[in-house]
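Enquirer: how would this look folded up:
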Amino acid sequence: MSQTKWIEIETVNSFITNELDGVVPKDAWGETSYFYNPGHVFQRGTYFATIKQKDGANDRASHLDRSGVWRLNMGVSKEVFFELFGPPPPRPGKGGVIDGGWDFAASDQLMPHPIYGWMSWISVLNPSRLTWGKCLPLVSDAHLRAKGTFEQRRAKQNGLARRIAAEP
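Expert: Prediction:
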C-alpha cells in the first residue's frame, strides 16, 4: 500500500477547519467532532462531521481498533444521501447496525454510517485521494446543512429572547 495513495487525517482536518467557515473542532471519545458554531454562539453548535479513530462501546462495525484505520463521517442532506444510496435505512436496534449489504470495515468505500445511516450520515474508512475528491462536496453539503440548522436554532433562540424581554 503506497503512502501517497491514502489521504492523511491531517489533510481532512485541515480542509474542514481552514476551508469551511465557522467550524469549531472538539476532541472527545476517540474522535474529532466538527461543529458549525461561528462566534461560539452555542455550547457546541451544530454537528456535521467527525473523524473517528477507535471503536466505541456502541460503534464497532468498522473495526477501528486495527492499526492506522480511521473513519470520516459526514451528516449530509437527505437529498444527497438518497442520490448516493436511495432512501435511508430504518434505525437499528440498540447496539446494532443499519441493514444493508455494506461492509462497514472496508477501506476507501463511501457508504452509509453503520449506526447513523438512518439519519443521512455517511462514512468512509481511510479514503484514497480519488475518494477524498468525492468527499469534498459531501463535506461541504454537510457543512451547509449544519449552517441551516444552526440558523434555525439561533432564530428560535432570538425569538424566545425577544418574547421574554417583551413580557411585563
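Enquirer: did I read that right, residue 24 in a strand?
Expert: Yes. With DSSP: H, G, I helix; E, B strand; the rest coil as the criterion, residue 24 is assigned to a strand.
Enquirer: next, the contact list for it, please.
Expert: For residue 24, the contact set (CB atoms under 8 Å, 6 or more residues apart in numbering) comprises 34, 35, 36, 37, 40, 44, 45. (C-beta placed from N, C-alpha, C; glycine too.)
Enquirer: can you give me the helices in the protein?
Expert: With DSSP state H as the criterion, the chain has helices at 9-14, 78-85, 129-166.
Enquirer: need these in TSV (columns: mean pLDDT).
Expert: What follows is these, written out as TSV (pLDDT from 0 to 100):
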stretch	mean pLDDT
helix 9-14	97
helix 78-85	98
helix 129-166	88
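Enquirer: how about residue 81: what's its closest non-neighbour residue?
Expert: Nearest residue to residue 81, sequence neighbours excluded (CB to CB, 6 or more residues apart in numbering): residue 120, at 4.0 Å.
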